[in-house]
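*Asks:* turn this into a structure:
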Amino acid sequence: MDNLQEYKKAIEAVILVSDNPVEPTLLAQLLEIPMTEVEQICIALAEEYAQQERGFVLANVAGGYRFQTDPDMAPYVERFVLEGQGSRLSSAALETLAIIAYKQPISRMQVSAIRGVNVEAVIRTLLQRGYIGEVGKDTGPGSASLFGTTPLFLERLGLSALTDLPPLADFVPDADVVEALEGGLRPEGFEDRATMMTAESKGETRNDDYL
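*Replies:* Numbering: from 1, shown residues only. Next comes the predicted model:
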């Protein structure tokens, strides 16, 4: 067996038994080879799995490598684990997690202000799940705790870094769409009544008021 084949098998074995993504620096130490060579081997392995159309992929997430299921196999995997729905996050938790991910570091009060509700219980759940953690203290009065996402958050989303999050602009409608929505929410005749009230407040009188 040549060294390259042995390195490939060693990397596969280590990643397979690890619960967390394995950093290339650690793999380099274990194999006693340069980190650049480890990364080249991992890229080659990922390409091999893709060419062979395997049910798993070698992904680079949260600064390390791990095996995960092929995204195209999601319907089958979801069917297999559908009994585990109790572990899914609620919509409130997902909204709070999204706010923290994009606005971090951020305090409980700031999250509550954005959502318009008390988020104490949701923050506690996210802390228990390990998706967020305390990353500092606010310099203002009270020294409130500031929260940010954890490497586990990146791992669960399959991201290498926070910069891989989609831009917020992708989720914000254009100005004309917002205007159209606002117009659709106004009661019929709202603009006419608003114009009349504005005129009356300025002391103006419409001609038909005398009829």
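
*Asks:* what ranges do the strands span in the chain?
*Replies:* In the chain, the strands defined using DSSP state E lie at 56-61, 64-69, 106-107, 132-137, 145-149.

*Asks:* how about the ones you listed, which one is nearest residue 11?
*Replies:* Nearest to residue 11 among the strands of the chain is strand 64-69; the distance by C-beta to C-beta comes to 7.7 Å. From N, CA and C alone the C-beta is placed, and that goes for glycine too.

*Asks:* residues making contact with that closest one?
*Replies:* With contact meaning C-beta atoms under 8 Å, 6 or more residues apart in numbering, strand 64-69 is reached by 11, 15-16, 18, 20-24, 26-27, 42, 55-59, 61, 77, 155, 158.

*Asks:* restricted to helices, list those residues.
*Replies:* Applying DSSP state H to the contacts of strand 64-69, the entries found in helices are 11, 15-16, 24, 26-27, 42, 77, 155.

*Asks:* just the C-alpha atoms of stretch 153-173, please, in CSV.
*Replies:* C-alpha atoms of stretch 153-173 as CSV (Å, rounded to 0.1, in the frame of the first residue of the first chain):
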residue,chain,number,x,y,z
PHE,A,153,-24.6,26.0,14.7
LEU,A,154,-22.3,26.1,11.7
GLU,A,155,-22.0,22.3,11.7
ARG,A,156,-25.8,21.8,11.8
LEU,A,157,-26.3,24.2,8.9
GLY,A,158,-23.3,22.7,6.9
LEU,A,159,-21.5,26.0,6.8
SER,A,160,-17.8,26.7,7.0
ALA,A,161,-18.1,30.2,8.4
LEU,A,162,-20.8,32.8,9.1
THR,A,163,-19.9,34.6,5.9
ASP,A,164,-21.5,31.6,4.1
LEU,A,165,-24.9,32.7,5.4
PRO,A,166,-27.1,34.1,2.6
PRO,A,167,-27.3,37.9,2.5
LEU,A,168,-30.2,39.5,4.3
ALA,A,169,-31.0,41.4,1.1
ASP,A,170,-32.2,38.1,-0.4
PHE,A,171,-35.1,38.0,2.2
VAL,A,172,-36.1,41.7,2.1
PRO,A,173,-38.7,42.6,-0.5
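
*Asks:* give me the buried positions along it.
*Replies:* With burial defined by 16 or more other C-beta atoms under 10 Å, the residues of stretch 153-173 counted as buried are 153-157, 159.

*Asks:* for residue 135, which non-adjacent residue is spatially closest?
*Replies:* Take residue 135 and drop its neighbours on the chain: the residue closest to it by C-beta to C-beta, 6 or more residues apart in numbering is residue 148, 4.0 Å away.

*Asks:* perfect, that will be all.
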